[in-house]
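Student: Sequence plus predicted model, see below.
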Amino acid sequence: MSAVDVVSPSAIAEQILELVRSKDPNAAAEVTVRTGTAALTRFANSFIHQNVAEEICSVLLRVARDGRVAIAALDAPPAGDALERLVDGTLEAARVRPVDPDWPGLAAPAPVRHVEHWDDATGDAPPAERVSRVRAFVDAAGGLETAGYCSTEGATVAFANSAGQHLAGRTTRAFLQGIARTGSSDGSGRAGAVALSAIDGGAAGKVAGRKAQDAADPTDLEPGRYEVVLEPDAVADLLDFLFVYGFNGRAVEENRSFVRLGEAQFDRSISLREDVTDPDQVGVPFDAEGTPKRRIDVVRGGVTSAVLHDRRTAAKAGAESTGNAVAGAGGWGALPENVVLEAGDRSLDELIAAVPRGLLVTAFHYTRILDPRTTVVTGLTRNGVWLIEDGRVVRPVKNLRFTQAYVEALAPGAVLGVGRERVLLPGDFADGASLVPPLRLASWNFTGGARG
Amino acid sequence: MDDLASAAVEAALNAGARYADARAMESRSESIAARNGVVESLDRTERTGIGVRALIGSSWGFFAVPDASPAAARRAGERAAEIARASTAVAGPPLELAPVPPQRGSWKSHCEEDPWDVPMDEKAALLEGVTRTMQEHGADIAEASSRAWDTRKWLVTSEGTHVDQRIVECGAAMSATAVGERETQRRSYPGIRGQYGTRGWELVRELDLPANAARIAEEARQLLSADPCPALDATTLILGSEQMALQIHESVGHAVELDRILGWEAAYAGTSWLDLAQMGSLRFGSELMNITADATLPGALGSFGYDDEGTPAHPVDIVRDGVWVGVLSGRDSAALAGIPAGGAVRGDGFNRIPMVRMTNVGLLPGDGSLDEMIETTDDGILMDTNRSWSIDDKRLNFQFGCELGWEIKGGRRTRLLKNPTYTGISPRFWGSMDMIGNRAEWTFWGTPNCGKGQPGQVGHTGHPAVPARFQGIRVGVRG
């Protein structure tokens, strides 16, 4: 039994609030306590080379006194001296720092919708459960060399603040992502779910093996603009940039965002939301400031309809927080944890079949922003690219570098099809994940071969 | 804490491990960020815990607990062994760790002014003051930050190593962003990631942020109306030392990580274009290219006394006279490659397994100078301060962008250029290097945010760099 099993996260949070109250009755305070386990089994060259697990017990305390705000985190047993030090240190830091004129205050008590993405067996999955799925992936890859990981996480999160907001939630998530390798190509397979039991290592390995074989011996392709079918990994990357640099209250406030609310900035087939309530998503239904999460449609039928806020950016915009404060986000502002792109009605094969000439792209790699305002991004393709001619995949091509304005890629008329199969992929922020289908896009700007 | 780590190792051995090591750690960190005249965040973190590695057969297990009690240490040791045993179901080839004699000792980084002794109001006044100055000189968004880390760790191995270290790291950054009609332009000082080292607050004082705040704000605004970098298939490119640090980090440092070369990062960060069979003979760059990985450089961000396997810090030649001669390695990867342990394994906190990380991977200086490079360039572009970075999964094809560029004509800077980018293939690019800066221009750049591994780890790396000149480079790639 670990130390964190003894006391519930909610009780720890209340204990810390009480401690703050006893030392400084005038201080406003909020506490997030997170306990649980995280484990990840990693394989390469078809064997397990890393297999890690950890107990998690973290406390995040924010106190404010007359607009003087300080935050402190503790990764240690939340008891005795450590809590005293945490509270004393945070109060002291708040006393000596300057007033923050934009401090928005604490979240008021508000009901949270019951959302629980949880599976008992996943939170405490023993290492053998992950290892067996890795074994199945390796065995199903047709004798090819394989690499990847299988992970499980279970977290219980409690939030309490001195304004009277008290919340608790829990979530699990499991992912298996891997590649099979031929020497000239890589192919990927993956699965993600709330429950590890839903992860079929063999099925993912079989897909990776087939895709690697199909991608073998690629040839060069002249760079230029091509129609593309983006598989979900690539779509998730595209959407992440739009959220961070566009649908972000801070970026809008500072005039750095492409967003123009109410305008048809996207193709009518695009409906994009942040939505922890989707039954296929993961996460807890409140954010780091204790704001309940709800479904936020940022694009509805191609029309930009909302941006994400934390309490600070919401106050400046005269809006309400959307529940997208992420601990440690710093100057980034509100970030998405549950990206959902509305599915369409086409299978991946049907999307491909409609392409006269273009490329099927599995994933992007090392994408970086070049211009935040226009969301021009450069990066490379990865894990398989194929030339499509007359609706048929005709040959694999070598990886390509692209330099593309992401928002333009989804502009009115630019989206030629939306897939119907959504895939859950690990998100970039906090407990998040992206739930996205493949897309067929009219144009993507490939600027060079990966080998020059 | 040494006793605690010893108990964890003993528990792992009792549970069947043939080798085990444990790191007990206490750390604290502080981050202060100001924006447009206001300190927006003041974050402090305190962490205590222990992480244990256990080896059964050729399979590793790792378990970490945020707890420094003897019971937790024993539990971590037992669980690490349990995980290692599970791993044997998908085991790799036989493994013997590269030998390192058992170490006993302590090491402490040099710190003149403890960052925790500097009054909070002084730090806040500095950061708020420079952001106000930047705003007064044209910045729409002015940001400044300081960060400090204080890490104590005790390493015990089942081979008899007992070492402890205290490493204080510190640094600061600031940037000015100007927002135009259709774009934003940003200037940073002293670099996009600031500047950090295994030093105290004296480093922040030396940076002299106030003296540079107005300048970068004005430059950011000037960039809005500057001409764009022309698109040229081949030109002479001069890079300032900050961009050279990024160039070294991405195209050399990651490429020579032995875990990548061995394929251990294939599914995530990627592999490397380098083939071990060619180490010692492959030409990586021109004869001016001499790269070392040296964890002993005083004050550099990648310095330490021992790595997280207990290997004493020592310099390793990576590229000598343009020829690839060395790698960054740990005891397991070095054994598989048949080379001595490189002492380049570190974990991001007690709860992350130690893995191959850059130490101070840097370019040794030559006898040129930035002024001389410009004076002897008839037609070219000078770029500095990293803005974007993207490189393929073999660390071969890169496209990097800088915050600003200068057109060079007839040996002189002529016009300011915005959105400069350049692209290349690593050995071809490094092979075209025909001038490098001198020892007076040698700067130990610190990168505090090197991401690697799953679960993700953030590494602190150092990159000694000088300005350099390259020939025949493609620039100005646009979307």
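Tutor: Looks like it came in fine. No experiment lies behind these values; they were computed from the predicted model shown. Numbering: from 1, shown residues only, chains lettered A, B, ... in the order given.
Student: Please see if stretch A:62-73 touches chain B.
Tutor: Yes. Judged by Cβ under 8 Å from any Cβ of the partner chain, stretch A:62-73 comes into contact with chain B at A:69-73. Every C-beta, even on glycine, is put in place using the N, C-alpha and C of the backbone.
Student: again, but for stretch A:76-92
Tutor: Yes. Applying Cβ under 8 Å from any Cβ, one finds stretch A:76-92 touching chain B at A:76-77, A:82, A:85-86, A:89-90.
Student: Next step: the residues of stretch A:62-73 next to chain B restricted to strands.
Tutor: Judged by DSSP state E, the residues of stretch A:62-73 next to chain B include A:69-73 as members of strands.
Student: coming back round to it: what's the closest of the residues of stretch A:76-92 next to chain B to chain B?
Tutor: residue A:76 (3.9 Å; Cβ to the nearest Cβ).
Student: give the contact list for that closest one.
Tutor: By Cβ atoms under 8 Å, 6 or more residues apart in numbering or on different chains, residue A:76 lies in contact with A:57, A:82, B:46-49, B:66-68.
Student: same thing but at 6 Å, please
Tutor: Contact analysis of residue A:76 by Cβ atoms under 6 Å, 6 or more residues apart in numbering or on different chains lists A:82, B:48, B:66.
Student: Scan those residues and report the most crowded one.
Tutor: Taking other Cβ atoms under 10 Å in any protein chain shown as the neighbour criterion, residue B:66 ranks highest of those with 26 neighbours.
Student: Pop out the phi and psi values for it.
Tutor: For residue B:66, the backbone dihedrals (degrees, to the nearest 10) come out as phi -90, psi 60.
Student: So which residues on the stretch 151-300 of chain A come close to chain B?
Tutor: Residues of the stretch 151-300 of chain A lying close to chain B (Cβ under 6 Å from any Cβ of the partner chain) are A:178-179, A:254-256.
Student: now for these, which pair is the farthest apart?
Tutor: Using Cβ to Cβ, those reach their maximum pairwise distance at A:178 and A:255, which is 42.5 Å.
Student: could you flag which of the residues of stretch A:76-92 next to chain B are buried?
Tutor: For the residues of stretch A:76-92 next to chain B, a neighbour count by 16 or more other Cβ atoms under 10 Å in any protein chain shown gives the buried set as A:76-77, A:82, A:86, A:89-90.
Student: got JSON lines for the residues you listed, with pLDDT, secondary structure and distance to residue B:79 too?
Tutor: Formatted as JSON lines, those follow (pLDDT from 0 to 100; DSSP: H, G, I helix; E, B strand; the rest coil; distance: Cβ to Cβ, whole Å):
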{"residue": "A:76", "pLDDT": "81", "secondary structure": "coil", "distance to residue B:79": "18"}
{"residue": "A:77", "pLDDT": "78", "secondary structure": "coil", "distance to residue B:79": "17"}
{"residue": "A:82", "pLDDT": "86", "secondary structure": "helix", "distance to residue B:79": "22"}
{"residue": "A:86", "pLDDT": "92", "secondary structure": "helix", "distance to residue B:79": "27"}
{"residue": "A:89", "pLDDT": "90", "secondary structure": "helix", "distance to residue B:79": "31"}
{"residue": "A:90", "pLDDT": "93", "secondary structure": "helix", "distance to residue B:79": "32"}
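Student: Of all pairs in these, which one is the farthest apart?
Tutor: Farthest-apart pair in these is A:77 and A:90; separation 17.6 Å (Cβ to Cβ).
Student: Contact partners for the residue of the stretch 101-250 of chain B found nearest chain A?
Tutor: Distance from chain A to each residue of the stretch 101-250 of chain B (Cβ to the nearest Cβ) is smallest for residue B:120, at 4.3 Å. Neighbour list for residue B:120: A:96-97 [criterion: Cβ under 6 Å, 6+ apart].
Student: let's see 7 Å
Tutor: A:93, A:96-97 (Cβ atoms under 7 Å, 6 or more residues apart in numbering or on different chains).
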